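**Q** Take a look and give me a structure for this.
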Amino acid sequence: MKVTAQATRSGGWWAVEVPEVPGAFTQVKRLDQVGEAAAEAVADLLDIPVDDVEVELAPALADEAVQRLNEALDAAAAASKAQAIASTLMRDAVAYFREQENLTNRDTAVLLGISHQRVGQLFETRDEAVAAARELARNGQVENVSTRAGKRVVHKSANGQWTTYSAAARRPTGRGAAKG
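**A** Below you'll find the model as predicted:
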């Protein structure tokens, strides 16, 4: 049985009501306890096994709290997606530099701003990652991240400085302040 547990803050407690089952009320100290407590209340009232009750949490939050929650969750989802894309593109770049440009792990590491050991790890897992990166690019899920006219590769270091590498010379050509 699927039910909704509506949790409302009441002092230091959460008051929990299950509208699908009349009389199903309980209270808990923390939101992580709502599911179990609501399932037990429903199971007791309907004389069914607790395992047969599936609970969906619906906390009552102020509009500002809901807005902040949604913004945080949206940002986390976007960051997760961006990290997945970045990881895939990093593997693609490693494979390209190692196979097409015949660069060493150490040279590739300098260009990408990672350790030569990480280059080795990424190169070992390149086949499935390269296919995934190309698929993302084909689907338009990856924006163009190359710099001016595609002639330079830019790397942002840990200290917030940008180092520009000439694509032809594969060497640093200048430094700049961090960009927003």
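**Q** C-alpha from now on. contacts and neighbour counts both.
**A** Noted.
**Q** any weak-confidence spans in the chain?
**A** Judged by pLDDT under 70, the chain has its weakly predicted residues at 126-180.
**Q** tell me the domain ranges of this structure?
**A** 2-60, 62-145, 147-180 (automatic domain parsing).
**Q** Longest helix in the protein, please.
**A** Assignment by DSSP state H gives helix 63-95 as the longest helix of the chain.
**Q** other SSEs contacting that one?
**A** helix 116-124, helix 126-138 (3 or more CA pairs under 8 Å, 6 or more residues apart in numbering; DSSP states H and E).
**Q** following it, which helix or strand shows up next?
**A** For helix 63-95, the following helix or strand on the C-terminal side (DSSP states H and E) is helix 105-112.
**Q** May I see the buried residues of that next one?
**A** Buried residues in helix 105-112, counting neighbours by 16 or more other CA atoms under 10 Å, are found at 105-112.
**Q** Mind naming the longest strand for this structure?
**A** Across the chain, the longest stretch assigned as strand under DSSP state E is strand 2-10.
**Q** Other residues contacting the helix or strand following that one?
**A** Scanning forward in sequence from strand 2-10, with DSSP H and E defining helices and strands, the next element found is strand 13-17. Defining contact as CA atoms under 8 Å, 6 or more residues apart in numbering, one finds that strand 13-17 is touched by 5-9, 24-31, 34, 38.
**Q** quick revisit: got the buried residues of helix 105-112 as TSV, with distance to Glu124 columns?
**A** Formatted as TSV, the buried residues of helix 105-112 follow (distance: CA to CA, whole Å):
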residue	distance to Glu124
Asn105	12
Arg106	15
Asp107	17
Thr108	14
Ala109	15
Val110	18
Leu111	18
Leu112	16
